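Colleague: have a look; sequence and predicted model below, questions after that.
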Amino acid sequence: MERSEIKGFIAKRVAKELHDGDVVNLGIGLPTLVPQFLPEDVHVVLQSENGIVGTAAVDDWTHSPLHIVDAGGSPSAVDAGGAFIDSATSFAMIRGGHVDATILGGLEVDEEGSLSNWIIPGKKMPGMGGAMDLLVGAKNVIIAMEHTAKGAPKILKKCRLPYTAVRCVDKIITEMAVIEVTGDGLVLTEYNPEFTLEEIQEATEAKLIISKDLKSMCEE
């Protein structure tokens, strides 16, 4: 797979996880691509933890108010019917279980479903933001990320970087595979036919359990 195709491929597969009417929180980077791939009959409400319910893409830089930003500090907009709320109310939504799904990137995920995605020791970072709250408050936690970093596995037996939250991830979606986190371990439910099962396991430190209903990620 061409490197330029990876993020779009992952985002397109993640979009299949969302349902019409879902309240969804997107992490920065790759997750923000997901709305581009939603089917025409699926409309979601995007929530930003800095206090926007109903965020929208900035399509017209000339007329969009540049003082509206999302939680990552990027220019944003608000859909018709959207609303601004204070930070306390925004986090009450998240902690109260009113967010149907959150889609976040990851530095490392382990076989228990723990996630490290906020800091690399020794490097200057802005902080974990709302990720810690989203991981424990959202009903469905999906990690959308590349399978490896410079050839090194990112899906590990145990995270080595500082945790954002533990035992919180429901599903991992990469350019190689769709992996569900279960009480028995990591279950490979879908694979990208461009890779063999052996190649996927070699790129994954944690042991993968092959689902008896394994299918291609490319199936519609």
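Modeller: Nice, thanks for sending it over.

Colleague: what ranges does this structure have for its helices?
Modeller: Applying DSSP state H to the chain gives helices spanning 3-15, 87-95, 131-137, 197-202.

Colleague: ok, which of these comes nearest residue 109?
Modeller: Ranking the helices of the chain by proximity to residue 109 (C-beta to C-beta) places helix 131-137 first, at 11.2 Å. No exception for glycine: its C-beta is placed from N, CA and C like everyone else's.

Colleague: residues in contact with that closest one?
Modeller: 25, 27, 49, 91, 94-97, 99, 102, 104, 115, 117-118, 141, 164-165, 168-169 (C-beta atoms under 8 Å, 6 or more residues apart in numbering).

Colleague: may I see the PyMOL selection of the buried members of the residues you listed?
Modeller: Selection of buried members from those for PyMOL, criterion 16 or more other C-beta atoms under 10 Å:
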select buried, resi 25+27+49+91+94+99+102+104+115+117+118+141+164+165+168+169
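
Colleague: taking the contacts of helix 131-137 one by one, which sit in strands?
Modeller: Counted as lying in strands by DSSP state E, out of the contacts of helix 131-137, are 25, 102, 104, 115, 141.

Colleague: neighbours of residue 87, how many?
Modeller: The tally of other residues near residue 87 (other C-beta atoms under 10 Å) stands at 11.

Colleague: could you find the closest non-adjacent residue to it?
Modeller: In this structure, residue 87 finds its nearest non-sequential neighbour in residue 51, 5.6 Å apart by C-beta to C-beta, 6 or more residues apart in numbering.

Colleague: pull the most distant pair out of the ones in strands among the contacts of helix 131-137.
Modeller: Going by C-beta to C-beta, the pair spanning the ones in strands among the contacts of helix 131-137 furthest: 25 and 115, at 14.6 Å.

Colleague: for the protein, which spans come out with low pLDDT?
Modeller: Applying pLDDT under 70 to the chain flags residues 59-66, 126-127.

Colleague: one step back: got the contact list for the residue nearest to residue 87?
Modeller: 84-87, 89-90.

Colleague: between those residues, which has the most around it?
Modeller: Going by other C-beta under 10 Å, residue 90 tops those with 22 neighbours.

Colleague: roughly how far does it sit from residue 15?
Modeller: 24 Å (C-beta to C-beta, to the nearest Å).

Colleague: and residue 211, how far from residue 184?
Modeller: 11 Å.

Colleague: whoops, I mixed them up, residue 107
Modeller: Going from residue 107 to residue 184 by C-beta to C-beta gives 25 Å.

Colleague: same check on residue 117?
Modeller: Distance, residue 117 to residue 184, using C-beta to C-beta: 24 Å.

Colleague: cool, and residue 10?
Modeller: The gap separating residue 10 from residue 184 is 25 Å, by C-beta to C-beta.

Colleague: which residues touch the residue nearest to residue 114 when sequence neighbours are not counted?
Modeller: Using C-beta to C-beta, 6+ apart and skipping residues adjacent in sequence, the residue nearest residue 114 is residue 166, 4.2 Å away. By C-beta under 8 Å, 6+ apart, the residues touching residue 166 are 112-114.

Colleague: so which of those is the most crowded?
Modeller: Counting neighbours by other C-beta under 10 Å, residue 113 leads the contacts of residue 166 with 23 neighbours.
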